[in-house]
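>>> model this:
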Amino acid sequence: MTWFRAGSGVAKLAIRRTLSQGGSYASRTRVVPSGNRYFHSTISKSKAQSAPVPRAVPLSRLTDSFLDGTSSVYLEELQRAWEADPNSVDESWDNFFRNFVGQAATTPGISGQTIQESMRLLLLVRAYQVYGHMKANLDPLGLEKREIPDDLDPALYGFSEADLDREFFLGVWRMSGFLSENRPVQTLRAILTRLEQAYCGSIGFEYMHIADREQCNWLRDRIETPIPMAYNRQRREVILDRLIWSTQFENFLATKWTAAKRFGLEGGETLIPGMKEMFDRSADLGVESIVIGMSHRGRLNVLGNVVRKPLRQIFNEFSGGIKPAEGLYTGTGDVKYHLGTSYDRPTRGGKRIHLSLVANPSHLEAVDPVVVGKTRAKQYYSNDVDRTKNMGILIHGDGSFAGQGVVYETLHLSALPNYTTGGTIHIVVNNQVAFTTDPQSGRSSQYCTDVAKALNAPIFHVNGDDVEAVVHACELAAEWRQTFHTDVVVDIVCYRRFGHNEIDEPSFTQPKMYKVIRNHPSALEIYQNKLLETGQVTKEDIDKIHNKVTSILNEEFLASKDYVPQKGDWLSAFWSGFKSPEQLSRIRNTGVKPEILKNVGKAIATLPENFKPHRAVKKIFADRLKMIETGEGVDWAVGEALAFATLLVEGNHVRLSGQDVERGTFSHRHSVVHDQETGERYCPLDHVVMNQNEEMFTVSNSSLSEFGVLGFELGYSMENPNSLVIWEAQFGDFANGAQVIFDQFLSSGEAKWLRQIGLVVLLPHGYDGQGPEHSSARLERFLQMSDDNPFVIPEMEPTLRNQIQKCNWQVVNVTTPANYFHVLRRQIHREFRKPLIVMAPKNLLRHKDCKSNLSEFDDVQGHPGFDKQGTRFKRLIKDQSGHSDLEEGIRRLVLCSGKVYYELDEKRKSTESKDVAICRVEQLCPFPYDLIQRELKRYPNAEIVWCQEEPMNMGAYSYIAPRLATALKAVDRGNLDNINYVGRGPSAATATGFYTVHVKEQAELVEKAITSDSITNPTLA
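As a prediction, the model looks like this:
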């Protein structure tokens, strides 16, 4: 049955052809309402102008589905064929004729109804289902002049006012609402009245774009069933109380802090009762936890009235902000309308629901994927396999929902197996204007919510002045989400009583709108008057609530003056015991017992007996098994897999996500293997632990998105510290598609919001002739955002060192599989969390010298990876020539990072330059001052060279130079002038696109670093 989801063009053509026998109707819609509420002004064309009578449709098409017909002749042919043999037509037509004929025989009042009239009436009903929202009363200001579509004019379908009191039968098999087969006979007037009530009131429903009949029928039942959307006195008093709180809160802030920016909710106050009723209904339907994301408009109101952040704390922030308490880690802080909180809130139904409002920046929609990722993590940790206990709610602005690409990136994750959360509820606070931009300049579509149609999400547009309609739409959204586990959108069409903020002047750009707004009553005034008119509440009842709210607000204001901040609320139950930067966390070993390494190594290198992998993959796994058995030649992929496997054995959740990560962009990982005959998938890391939870290790190819997916993984990592969450870029160059997440969340989130994050980001980086878009992960950007002081050496004594704890993140460029193994495990084996940015290798994945022995992964003494502290990540790898603690004969110390080391070492061997030492700085940030000083002392007569592949204005040079100079001064070896640079010259592009030029440049810089007699310092050139 495709009829009710097909486009209306064919249906309209069918109607016009059908009507051509008695005169053609061409509807012309007027903006000014006509005298009759149902009929628009219509011009009747003469028969001479009408289309030719269509020819009969061949019997071969009689199996077409219901409502696919194109003429009256076709309908007559269908009826004749059905009368002769009901099985000769489609089942939907069989049931239509069966219902119609049965009703006509038993109901004399409709004996004059023809098949054609029934068809037209069905199409009129469908037109209301499709276009009714165009006639709905959505704009509280009455400024929007929308043309009523021709399709809603009964005259278009051949009906006149003389037909209003005729009775018609509408039943259709397998339909709901008006078209259900058990609907009683009704007059045309009653049908049109109910259609107007259902589709053209304060809510405009968009759902006919959804391709699922069950979902459409579910909505039709709730929209078209003639049950008034009325609430009893008790419910209305609750709604009124919540609306008074919402309104009074804003009025109170405006009175006390007249010049403060607060991005108030005036004009959209009905959001608060709508959200509260949505939460109450969600709790009744089994939701236990809700994660909320929203931008700044109305955020303080949501914090205070919905999430229940203490009002005295909010007022204290207005009165000058929370002053850092002695001994309390407060970070840099953020403006009050960016902060988040969490609270266990009682519901109207007597349940409790946990609410988390995620902190966010001014980048309006950047928090969207973060909320969805955090929700997914909550579902994993609470074993919410049906995704009914944990839910995400996103509150958007109209301009940003239509304009920000991350909205679509987030929506597009909603049905992906490893990213779905069982549906997100989207609420749009539709001001009908962005900052100063009108909708016609801000979007190309009719509605700001049209992007959600790509997901088959139902959209409920609701007049923000009708609080009961807002409540109803919000409750319906909660029911949809819990029933179908997909996204749903509530578009609250409201207005902004003031400008973008309270000290902005909106009349500069929207004079007409704000002339109307100045005289427009608030939603509270409208609702109070409505309740007084119905007699359900008295003025005394209203005054009583007002006085109660005012009294509480004043009490909280007085208490705010003495408010003392409590311990940071960033530690949820999962984070208990984790330390802030003010608390020293001891350094732990990350080596693993040899027998565990052997056991998990065999598990990750073995495929099932009957599994038939690609022959190249089969060889890779055979080689991996040999590495484990011999303990030699462990490559990058095996080192990574061992890190994942050992963390899984220890009970940690591991999640790796990004574009093509299952195989790996460079075909090195093969964490998921495909049977070449059956297509069956096998993931060895799913079989490391007995009865392993299938999500305990998750590796997932993502959609082709950076911003959305990185935001998702960041949100996921925030929920529980006992998880290794990794996002890998296809190439490091593409990470800048997610720059907002790096800038606003990852690099500064802890400082602003006291939220620790342990996310790992893998960015393939390295110069091997692939051109300017496949060479650089923009290492310099991450280092430039690092907050360690280049001129002060922190405490470096191992037992007292908390350098990493006080730094905003870690940036590494690792050169051995063993060191990569340890840096990943270090993320979990510590009492705090920090983001880790890894300049991941490309050609080192298969480099003959980039190998480690299995002994470097274990915790046994006596191997090269073991030092006096144990087996752990090496922040700096010293020269591997067997040098003593003092080497006065070394003339040059080359410091480098990343894969250029192997080219330097090969050059040194080929030229036998034994008077050159090469040290690898594996951890660039925070800078390893202690180990750099150790090497400077080891080579007291060596000139100092920093060598890099990147251009001078890129790479690590700008970051390294001042810190290396500080280390030089500390050991009396000179200053910045004593640091020599070897690398490419300054450049606008990251790399050349000519391979021959690349080879020449690379050879020159390697030769210069190793063999040249003198190197000119850039500062002295």
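>>> Tell me where the stretch 51-200 of the chain has helices.
72-84, 91-106, 115-131, 188-199 (DSSP state H, counting those that start in this stretch).
>>> weakest of the ones you listed in terms of mean pLDDT?
Ranked by mean pLDDT, the helices of the stretch 51-200 of the chain bottom out at helix 91-106, with a mean of 63.
>>> Angles on the backbone of R299, please.
In this entry, R299 is assigned phi and psi values of phi -60, psi -40 (degrees, to the nearest 10).
>>> before we move on, what about L724?
phi -100, psi 110.
>>> Check the residue lying closest to it once chain neighbours are set aside and give its pLDDT.
The shortest distance from L724 to any residue that is not its chain neighbour, by Cβ to Cβ, 6 or more residues apart in numbering, is 4.8 Å, and that residue is V654. For every residue, glycine as well, the C-beta is placed using N, CA and C. The pLDDT attached to V654 in the predicted structure is 97.
>>> Quick one: residues contacting V654.
With Cβ atoms under 8 Å, 6 or more residues apart in numbering as the criterion, the residues that contact V654 are F644, L647, L648, L685, M696, F697, T698, S723, L724, I726.
>>> List the ones among these that fall in strands.
Where the contacts of V654 overlap with strands, as defined by DSSP state E, the overlap consists of F697, T698, S723, L724, I726.
>>> Filter the residues you listed down to the buried ones.
Burial of these was assessed by neighbour count (16 or more other Cβ atoms under 10 Å); the buried members are F697, T698, S723, L724, I726.
>>> What segments of the stretch 201-350 of the chain are strands?
Taking DSSP state E, counting those that start in this stretch to define them, one finds strands in the stretch 201-350 of the chain at 203-206, 289-294, 341-346.
>>> first to last residue in stretch 130-146, what's the distance?
Looking at stretch 130-146, the gap from its leading to its trailing residue is 16 Å under the measure Cα to Cα, to the nearest Å.
>>> which outside residues touch that stretch?
Applying Cβ under 8 Å, 6+ apart, the set of residues contacting stretch 130-146 from outside is 8, 31, 147-149, 151-152, 195-196, 198-206, 208, 432, 461-465, 493-495, 512-513, 516-517, 520, 523.
>>> host element of the residue lying closest to A967 once chain neighbours are set aside?
In space, not counting the residues next to it along the chain, A967 is nearest to I932; the distance is 4.6 Å by Cβ to Cβ, 6+ apart. Secondary-structure assignment from DSSP states H and E places I932 in helix 929-938.
>>> buried stuff in that helix?
If you call a residue buried by 16+ other Cβ under 10 Å, then helix 929-938 has these buried ones: Y929, D930, L931, I932, Q933, R934, E935, L936, R938.
>>> quick one on the thing from earlier: neighbouring strands - and their directions - for the helix or strand hosting the residue nearest to L724?
When secondary structure is defined by DSSP H and E, V654 falls within strand 653-658. According to DSSP bridges, strand 653-658 forms sheet pairs with strand 697-701 (parallel), strand 723-728 (parallel).
>>> all helices for the stretch 451-600 of the chain, in order.
Across the stretch 451-600 of the chain, reading from the start of the chain, the helices by DSSP H, counting those that start in this stretch fall at 467-484, 511-518, 523-534, 539-560, 594-604.
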